[in-house]
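Engineer: Provided below for reference: sequence and predicted model.
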Amino acid sequence: MSIPQSGGGLIEHPDQLAEYMASGCKPKSDWRIGTEHEKFGYCKDTLKPLPYEGERSILAVLEGLRDRFGWAEVREGGKLIGLEQNGANVSLEPGGALELSGAPLETIHQTCDEVNEHLAEVKSIADEIGVGFIGLGAAPIWSHDEMPLMPKGRYKLMDAYMDTVGSAGKTMMRRTTTVQVNLDFGSEADMVQKMRVALALQPVATALFANSPFFEGKPNGMKSYRSWVWRHLDEARTGMMPFVFDEGFGFEAYVQHALDVPMYFVYRDGQYIDALGQSFRDFLRGELPALPGEKPTLSDWADHLTTLFPEARAKKFIEMRGADGGPWRRLCALPGFWVGLTYDQTALDAAWDLVKGWDAETREALRVGAGEQGLQARVGGLSMHDLAREVLDIAEAGLKARAMPGAGGLVPDETHFLNALRESVDSGKVPADELLDHYNGDWGGDLTRIYAAYSY
């Protein structure tokens, strides 16, 4: 989850809210790729999740990365809760999952190198202390009570609030992980087109990356249990945002939506101040109960935008949020999928042509079907399997058109990052299907075998 935002002065006029988002517009030559991924840590001998402190702990991993690889500390309330280096940061999810938020990079080759380096660093520390890390969309065995809440003020507030707005918020916080990619836009019109394509095709990403068929020690009947969790979290701040497809959508419409989402907190002087359920509109008027008489800064607005959790999220860039955490090849495949669809105009237009006739009910049904059935989902006359094949063709064409070489020019473009997804489309099986085949086959129903087989 996001770290506190900074660098914004006092909001003196409501227009500044949309202007803040519009300030993210960049020329195409400056578009970058930021990849984020989360993974669960566990003790190799007990297969239990890592505590925050101790010989085998999240803290020990963070300190190892700091001391051996030169990462700078991020502290809150005296606790080490993250690391920074060269535009990237390592942070903690509420239940202790470790996240890399990558630096903004020019090519997928670079972002994949960054992922490789990070995982190698983590593994070198983890192996020495008897710790492993695994990429799955949901914790396969651990119960809620086994998952420690990390010492971050934001998480303490959210944890107390979640049960009041939905049934799955605490599960999301502690027992799910994701991989996502952050992408730029060139103008308001470009943002609009990318957001519409992102939301409409997010179910295809959910299906292709589905990797959470187990929960609390047994199959849960879904391909992406994580997707189900997000559908039962908090209606005010999640979902497919049908208004994005309305005529006239733009920065201002997104602002109005965000203003309608209840607040979580205000960050002041290293502390998270409880503003649960309060209104940012009241804050603009100086009437926020949490801070009477005080008006917000642009940093407060940036923080508030991070508390919206739709399938695609707009800030100064767009976050693609529909994929389960997973194995190494899919950490590099997700940026390949979305960069191919959105960073070449011909590909983006083709993607929009594919989805522009769908209504809100179709998009939502695809979302539900992707999580429950993966590539086997069908909605009306739409086959998710056929749709995934067509979308991958568009993404591949977009990556070919980008023609970004790697390996010193030996690799002509970024299309090979889609190979893992091609294999899924060719076989009809996504990671969840492969996991279930093992569970029902050579694992003999012994889910503990997932750790040795699928850890990084």
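Structural biologist: Right, received. Where do you want to start?

Engineer: and Ala403, how many neighbours?
Structural biologist: 11 (other C-beta atoms under 10 Å). C-beta: built from backbone N, CA, C; applies to glycine.

Engineer: need phi/psi at the closest residue to it other than its chain neighbours.
Structural biologist: Distances taken as C-beta to C-beta, 6 or more residues apart in numbering place Asp413 nearest to Ala403, at 5.3 Å, with adjacent residues excluded. Backbone torsions for Asp413, taken as degrees, to the nearest 10, come to phi -160, psi -170.

Engineer: hmm, Asp413 is touching Met404, no?
Structural biologist: Yes: with contact defined as C-beta atoms under 8 Å, Asp413 counts as touching Met404 (6.2 Å).

Engineer: what residues are shared contacts of the two?
Structural biologist: Overlap of the contact sets of Asp413 and Met404 (by C-beta atoms under 8 Å, 6 or more residues apart in numbering) is empty.

Engineer: wait, what's in contact with Glu99?
Structural biologist: Glu99 neighbours (C-beta under 8 Å, 6+ apart): 1, 36-38, 90-93.

Engineer: kindly apply the preceding question to Val131 instead.
Structural biologist: 41-44, 50, 56, 60-61, 125.

Engineer: all helices of the stretch 151-300 of the chain, in order?
Structural biologist: 153-162, 169-175, 188-208, 225-231, 251-260, 280-284, 298-305 (DSSP state H, counting those that start in this stretch).

Engineer: make JSON lines out of those helices and add distance to Leu105 and mean pLDDT.
Structural biologist: Below are the helices of the stretch 151-300 of the chain laid out as JSON lines (distance: least, C-beta to C-beta, whole Å; pLDDT from 0 to 100):
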{"stretch": "helix 153-162", "distance to Leu105": "27", "mean pLDDT": "95"}
{"stretch": "helix 169-175", "distance to Leu105": "28", "mean pLDDT": "98"}
{"stretch": "helix 188-208", "distance to Leu105": "18", "mean pLDDT": "98"}
{"stretch": "helix 225-231", "distance to Leu105": "26", "mean pLDDT": "98"}
{"stretch": "helix 251-260", "distance to Leu105": "26", "mean pLDDT": "98"}
{"stretch": "helix 280-284", "distance to Leu105": "32", "mean pLDDT": "98"}
{"stretch": "helix 298-305", "distance to Leu105": "22", "mean pLDDT": "97"}
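
Engineer: and those helices: which comes nearest Val368?
Structural biologist: helix 225-231 (7.2 Å; C-beta to C-beta).

Engineer: show me where this protein dips below the pLDDT cut-off.
Structural biologist: 1-7 (pLDDT under 70).

Engineer: so for the residue of it most remote from its centre, what's the nearest residue that isn't a sequence neighbour?
Structural biologist: In the chain, the residue that sits farthest from the middle, by C-alpha atoms, centre = their mean, is Gly293; the gap is 35.2 Å. Of all residues not flanking Gly293 in the chain, Gly286 sits nearest, at 5.5 Å (C-beta to C-beta, 6+ apart).

Engineer: what residues are up against that neighbour?
Structural biologist: 292-295.

Engineer: mind checking which of the residues you listed land in strands?
Structural biologist: Judged by DSSP state E, these include no members of strands.

Engineer: Lys295 is in contact with Leu10, correct?
Structural biologist: Yes: using C-beta under 8 Å, Leu10 makes contact with Lys295 at a distance of 6.3 Å.

Engineer: the more surrounded of these two?
Structural biologist: Between Leu10 and Lys295, Lys295 has the larger neighbour count (other C-beta under 10 Å), namely 15 against 12.

Engineer: tell me the spacing between that one and Pro14.
Structural biologist: 11 Å (C-beta to C-beta, to the nearest Å).

Engineer: with adjacent residues omitted, what lies nearest to Gly70?
Structural biologist: Gln85 (6.7 Å).

Engineer: ignore what I typed, I meant Ile129.
Structural biologist: Nearest residue to Ile129, sequence neighbours excluded (C-beta to C-beta, 6+ apart): Arg56, at 5.1 Å.

Engineer: give me every residue that touches that neighbour.
Structural biologist: Counted by C-beta under 8 Å, 6+ apart, Arg56 has contacts 43, 50, 129-131.

Engineer: Pro327 now?
Structural biologist: 135, 211, 431, 454.

Engineer: contacts only, for the last one.
Structural biologist: For Tyr454, the contacting residues are 134-136, 327, 435, by C-beta under 8 Å, 6+ apart.

Engineer: you'd agree Ala420 is up against Leu331?
Structural biologist: No: assessed by C-beta under 8 Å, Ala420 is found out of contact with Leu331, at 9.7 Å.

Engineer: between the two, who's got more neighbours?
Structural biologist: Using other C-beta under 10 Å as the criterion, Ala420 and Leu331 rank with Leu331 on top: 30 against 23.

Engineer: for Leu100, see how far away the more buried one is.
Structural biologist: Leu331 is 9 Å from Leu100, by C-beta to C-beta.

Engineer: try Gly270
Structural biologist: Taking C-beta to C-beta, one finds Gly270 at 24 Å from Leu100.

Engineer: and these two? which has more neighbours close in?
Structural biologist: Leu100 (24 against 11).

Engineer: spatially nearest residue to the more buried one, not counting backbone neighbours?
Structural biologist: His118 (4.8 Å).

Engineer: can you check Phe265 too?
Structural biologist: Tyr272 (4.5 Å).

Engineer: now for the one you found, how many residues are close by?
Structural biologist: Neighbour count for Tyr272, taken as other C-beta under 10 Å: 21.

Engineer: can you start the count at 260 instead of 1 from here on
Structural biologist: Sounds good: first residue 260 from here, last item Tyr531.

Engineer: correct me if wrong: it contacts Leu416.
Structural biologist: Yes: using C-beta under 8 Å, Tyr531 is in contact with Leu416, at 5.8 Å.

Engineer: joint contacts of those two?
Structural biologist: Counting by C-beta under 8 Å, 6+ apart, the residues touching both Tyr531 and Leu416 are Phe524.

Engineer: hmm, back to that, pull up the overlap in contacts between Leu590 and Leu359.
Structural biologist: 294, 296, 374.

Engineer: using CSV, please lay out these together with distance to Met579.
Structural biologist: Output for the shared contacts of Leu590 and Leu359, formatted as CSV (distance: C-beta to C-beta, whole Å):
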residue, distance to Met579
Thr294, 10
His296, 12
Val374, 16
